[in-house]
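J.: Could you look at this predicted model? Sequence included:
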Amino acid sequence: REVRYVQVSGEQFKSMLAEEHVPDEIVLLLTDLFTKVLDGRNSHLTDGVKRALGREPRDFAEYARNTAAAGVWRI
């Protein structure tokens, strides 16, 4: 099946959560979390993989392309 990402604004996200009757404190928590995840602060690679696994890190897009090409996610 097709899975795709649709970008929404913070206000749209809050509105969608409210429509699903998500409690206000959870709306605030999730909005803060996703704002921080999507603001770019996590867009660079660090040395954690090298320190833990002894190999260079790679970005997620590269991982996803390679894994999809290997057929791992086929049904």
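T.: All right, it came through fine. Residues are numbered from 1 along each chain as shown.
J.: who does the helix or strand hosting Val27 touch, helix- and strand-wise?
T.: Secondary structure from DSSP states H and E places Val27 in helix 24-38. Helix 24-38 sits against helix 10-19, with contacts defined as 3 or more C-beta pairs under 8 Å, 6 or more residues apart in numbering; DSSP states H and E. All C-beta atoms are positioned from the backbone trio N, CA, C, and that covers glycine.
J.: returning to what we had before: next, the residues that contact the helix holding Val27 from outside, please.
T.: Gly10, Phe13, Lys14, Leu17, Ala18, Val22 (C-beta atoms under 8 Å, 6 or more residues apart in numbering).
J.: switch the cut-off to 6 Å
T.: For helix 24-38, contacts defined as C-beta atoms under 6 Å, 6 or more residues apart in numbering pick out Gly10, Lys14, Leu17.
J.: What's the PyMOL line that selects buried ones from those residues?
T.: Selection of buried members from the contacts of helix 24-38 for PyMOL, criterion 16 or more other C-beta atoms under 10 Å:
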select buried, resi 14+17
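J.: Output the contacts of helix 24-38 as JSON lines; include the columns distance to Gly48.
T.: Shown next, in JSON lines, are the contacts of helix 24-38 (distance: C-beta to C-beta, whole Å):
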{"residue": "Gly10", "distance to Gly48": "29"}
{"residue": "Lys14", "distance to Gly48": "32"}
{"residue": "Leu17", "distance to Gly48": "31"}
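J.: Centre of the protein to the edge, which residue is at the far end?
T.: Gly54 (24.7 Å; C-alpha atoms, centre = their mean).
J.: What ranges in the protein fall below the confidence cut-off?
T.: Within the chain, the stretches with pLDDT under 70 are 75.
J.: Provide a list of residues in contact with Asp47.
T.: Asp47 is in contact with no residue at all, counting by C-beta under 6 Å, 6+ apart.
J.: Flag every buried residue along stretch 19-29.
T.: Those would be Val27, for stretch 19-29 by 16+ other C-beta under 10 Å.
J.: What's the end-to-end length of it?
T.: Taking C-alpha to C-alpha, to the nearest Å, the first and last residues of stretch 19-29 lie 16 Å apart.
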